[in-house]
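S.K.: Build me a structure from this.
(chains A and B)
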Protein chains: 2
Amino acid sequence: MTLKFIGLGLHDGRGISMRGIEEARKCDVVYAEFYTTPMPELDVEWIQGVIGRKIKVLKREDVEEGKCIIRDAMERDVALLVGGDPMAATTHLSLRIEAMKRGIKTVVVHSESIFTAAASAAGLQHYKFGRTITIPWVRDNYFPMSPYDMLARNRAEGKHTLVLLDTEPKDGQIMRACDAVEILLMMEEAGRKGVFSKDTRIFALARVGSTEPFVIFGRAERIMEASMPEPPHTIIVPGEMHFMEEEFANLVAID
Amino acid sequence: MTLKFIGLGLHDGRGISMRGIEEARKCDVVYAEFYTTPMPELDVEWIQGVIGRKIKVLKREDVEEGKCIIRDAMERDVALLVGGDPMAATTHLSLRIEAMKRGIKTVVVHSESIFTAAASAAGLQHYKFGRTITIPWVRDNYFPMSPYDMLARNRAEGKHTLVLLDTEPKDGQIMRACDAVEILLMMEEAGRKGVFSKDTRIFALARVGSTEPFVIFGRAERIMEASMPEPPHTIIVPGEMHFMEEEFANLVAID
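M.R.: As a prediction, this is how the structure comes out:
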């Protein structure tokens, strides 16, 4: 029948659009998954109330295999609620392709996404961003330098870099801005391209998509010590800033 | 008091989030402007009904000067409704900085943005995009080659390029995908870097953010002849595609 991918925004679910609510209300089954975009402040009760449907939260395996979702969507109208823009994760694109191949109609209801919202929250122009990077936790034998190399390229071109943080917790901890800065400094020590130091001025963000987003701008060293709200955190390493971007940065500068 | 920038999404206003509605309802004055992101299908009546406030639509000058908005926000809670993500336009950032300098609290409520929604609608991964370009109308003495040069750079790096179309109408016409393709072919003729030809396979999109978005994939020549819904249109020139991206492209291919 129909499989609808509906974005919930970034914070507590109130980023869902009116179109999203209208589409979800018309479904027979409403699933949700929160591993691709962790939403610690998510208010499932509130969403259930607004939609008027019980929400079944899926585990990672259920989404990646996708069998139950596709099977349901062969017979009924199914919604899958996810954080951010529902097509940002490859898993969801894969699921969508699978559904289309079986003749199931698919619907995508977009929402705010960290890809644009972080830029907006930091007063930076969207089109000036280079490729986004993700900082993974350092684990035994796993210390990829590709994010650092990409950052070096963006900086050489004067572009801003959106730095996403590993969404997998390590030892029960979600990665914070200070952890990511520490890893970036380690990468600099290994890569030595001179693109990131304790003096690099960066933006650190938290609670993007909430009514009280947290945005600070300062030297990496100071960002590491700064007190921030709970994760998810995001970092932006700006490239060449337009005077208006500079002006905004100064308004949220620490130190 | 407070100045709130609230995103309406891309199509008819139903892209506004629940947070956006909650914030707008608390305001004394609700303005809207639609020149930075044209929304031909906008349903102002519907938004007024949902918010329970009369909406005053501003002209370009009112927003760019910003005087009435700032003056109002010094004394009352003011909302400014705009298409897409409300901070994508420099005009709004400028207005926000002006407000912050005067001690007015500012709030940003994001929404779906063409920067992410177009990528999602075309089944393409967000982080694989290079810098966005905008195709302006060809006018006497005005034929900038910078969008073409940027496209050439993105293509050389294997990156996808989001191609936005001039939002100003020319002779009363909004730019369509076929117009933009024609201008890109003229640019190729002038620039001769071999980055865009009649055989280049591209995505053409319309009605992104609606329940029935229109997405096709095919050679530029075929896209020019294809029948498409009314504008706004968007184009994506893909770079190197992942097999899953290819798979989706084939599902929406024409020819």
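
S.K.: Let me see the domain layout of chain A.
M.R.: Structurally, chain A divides into domains by automatic domain parsing as follows: A:2-112, A:115-251.

S.K.: Do me a favour and get the end-to-end distance for the first one?
M.R.: So that's domain A:2-112. Using C-alpha to C-alpha, to the nearest Å, one end of domain A:2-112 lies 23 Å from the other.

S.K.: What of the longest one?
M.R.: For domain A:115-251, the first-to-last residue distance is 22 Å (C-alpha to C-alpha).

S.K.: Quick one: the strands in the stretch 51-200 of chain A, in order.
M.R.: A:55-57, A:77-82, A:105-109, A:133-135, A:161-165 (DSSP state E, counting those that start in this stretch).

S.K.: Residue A:39 - nearest residue in space that isn't next to it in sequence?
M.R.: Closest residue to residue A:39 apart from its sequence neighbours, by C-beta to C-beta, 6 or more residues apart in numbering or on different chains: residue A:83 at 4.8 Å. The C-beta positions use only the backbone N, C-alpha and C, and glycine is treated the same way.

S.K.: hang on, that neighbour packs against residue A:7?
M.R.: Yes - here residue A:83 lies in contact with residue A:7, judged by C-beta atoms under 8 Å, at a distance of 7.4 Å.

S.K.: if we can go back for a sec, including mean neighbour count and mean pLDDT, could the domains of chain A go into CSV?
M.R.: Converted to CSV, the domains of chain A look like this (neighbours: other C-beta atoms under 10 Å in any protein chain shown; pLDDT from 0 to 100):
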stretch, mean neighbour count, mean pLDDT
domain A:2-112, 20, 94
domain A:115-251, 18, 95
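
S.K.: For stretch A:28-35, what is the distance to the chain centroid?
M.R.: Centroid separation between stretch A:28-35 and its chain, computed with C-alpha atoms, centre = their mean, to the nearest Å, is 18 Å.

S.K.: ok, and does it reach over to chain B?
M.R.: No - using C-beta under 8 Å from any C-beta of the partner chain, stretch A:28-35 never reaches chain B; the gap is at least 15.6 Å.

S.K.: residues making contact with that stretch?
M.R.: The contact list for stretch A:28-35 (C-beta atoms under 8 Å, 6 or more residues apart in numbering or on different chains) reads A:8, A:24, A:42, A:44, A:47, A:51, A:53-60, A:62-63, A:69, A:72, A:76-83, A:167.

S.K.: right, and the strands of the stretch 51-200 of chain A - which one's nearest residue B:255?
M.R.: Of all those, the one in closest proximity to residue B:255, counting by C-beta to C-beta, is strand A:105-109 (22.1 Å).

S.K.: May I have the strands that pair with the closest one, each with its orientation?
M.R.: Partners of strand A:105-109 in the sheet, by DSSP bridges, are strand A:2-7 (parallel).

S.K.: Can you name the next helix or strand after the partner strand?
M.R.: helix A:18-25 (DSSP states H and E).

S.K.: mind listing the helices for the stretch 101-250 of chain A?
M.R.: Ranges of helices in the stretch 101-250 of chain A, per DSSP state H, counting those that start in this stretch, are A:114-121, A:146-156, A:177-191, A:220-225, A:243-251.

S.K.: Near chain B, which residues of the stretch 101-250 of chain A are found?
M.R.: A:101, A:107-108, A:110-113, A:115-117, A:119-121, A:123, A:125-132, A:159, A:208-209, A:211, A:213, A:244-245, A:247-248.

S.K.: now with 6 Å?
M.R.: Residues of the stretch 101-250 of chain A lying close to chain B by C-beta under 6 Å from any C-beta of the partner chain are A:110-113, A:115-117, A:120, A:123, A:126-127, A:131-132, A:244, A:247-248.

S.K.: re the thing from before, would you confirm that the residue nearest to residue A:39 contacts residue A:37?
M.R.: Yes - using C-beta atoms under 6 Å, residue A:83 is in contact with residue A:37, at 3.0 Å.

S.K.: what's near enough to touch the residue most central in space within chain A?
M.R.: For chain A, residue A:114 is the residue whose C-alpha lies nearest the centre (C-alpha atoms, centre = their mean; 4.6 Å). The contact partners of residue A:114, by C-beta atoms under 6 Å, 6 or more residues apart in numbering or on different chains, come to residue A:84.

S.K.: what about 8 Å?
M.R.: A:10, A:37, A:84, A:162, A:164, A:208, A:234.

S.K.: Find the nearest non-adjacent residue to residue A:191, please.
M.R.: Nearest to residue A:191 is residue A:148, by C-beta to C-beta, 6+ apart, at 4.9 Å.

S.K.: Next up, the contacts around the one you found.
M.R.: Taking C-beta under 8 Å, 6+ apart, one finds A:184, A:187-188, A:190-191, A:193, A:195-196 in contact with residue A:148.

S.K.: Just the closest of those to residue A:3, please.
M.R.: residue A:184 (38.7 Å).

S.K.: Give me the phi and psi for the nearest residue to the closest one once chain neighbours are set aside.
M.R.: Closest residue to residue A:184 apart from its sequence neighbours, by C-beta to C-beta, 6+ apart: residue A:196 at 4.9 Å. Dihedral angles of residue A:196 (phi, psi; degrees, to the nearest 10) stand at phi -150, psi 120.

S.K.: wait, residue A:229 sits on residue A:214?
M.R.: Yes - here residue A:229 lies in contact with residue A:214, judged by C-beta under 8 Å, at a distance of 5.2 Å.

S.K.: Who does the spatially closest residue to residue A:175 that is not a sequence neighbour form a beta bridge with?
M.R.: Counting by C-beta to C-beta, 6+ apart, residue A:165 is the residue found nearest to residue A:175 once chain neighbours are left out, at 4.2 Å. As for beta bridges, residue A:165 partners with residue A:135 under DSSP bridges.

S.K.: Quick check: residue A:165 vs residue B:3, distance?
M.R.: Taking C-beta to C-beta, to the nearest Å as the measure, residue A:165 falls 30 Å from residue B:3.

S.K.: so residue A:208 sits right up against residue A:121, yeah?
M.R.: Yes - counting by C-beta under 8 Å, residue A:208 does reach residue A:121; the two are 5.2 Å apart.

S.K.: Report the contact partners of residue A:241.
M.R.: Residue A:241 neighbours (C-beta under 8 Å, 6+ apart): A:124, A:249.

S.K.: Try it again at 10 Å.
M.R.: A:123-125, A:128, A:158, A:160, A:201, A:247-249 (C-beta atoms under 10 Å, 6 or more residues apart in numbering or on different chains).

S.K.: Identify the contacts common to residue A:83 and residue A:37.
M.R.: With C-beta under 10 Å, 6+ apart, residue A:83 and residue A:37 have common neighbours A:7-10, A:89, A:113-114, A:167, A:232.

S.K.: Need these in TSV (columns: distance to residue A:254).
M.R.: TSV is the format used below for the shared contacts of residue A:83 and residue A:37 (distance: C-beta to C-beta, whole Å):
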residue	distance to residue A:254
A:7	32
A:8	31
A:9	27
A:10	23
A:89	33
A:113	27
A:114	22
A:167	26
A:232	20
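
S.K.: Go through these and say which is closest to residue B:176.
M.R.: Nearest to residue B:176 among the shared contacts of residue A:83 and residue A:37, with distances taken as C-beta to C-beta, is residue A:113, at 26.6 Å.

S.K.: What count of nearby residues applies to the closest one?
M.R.: Neighbourhood size, residue A:113 [other C-beta atoms under 10 Å in any protein chain shown]: 31.

S.K.: Now it: closest residue in space that isn't a chain neighbour?
M.R.: Leaving aside its sequence neighbours, residue A:113 sits nearest to residue A:85 (C-beta to C-beta, 6+ apart; 3.8 Å).

S.K.: Phi first, then psi, for residue A:44.
M.R.: Dihedral angles (degrees, to the nearest 10) for residue A:44: phi -60, psi -40.
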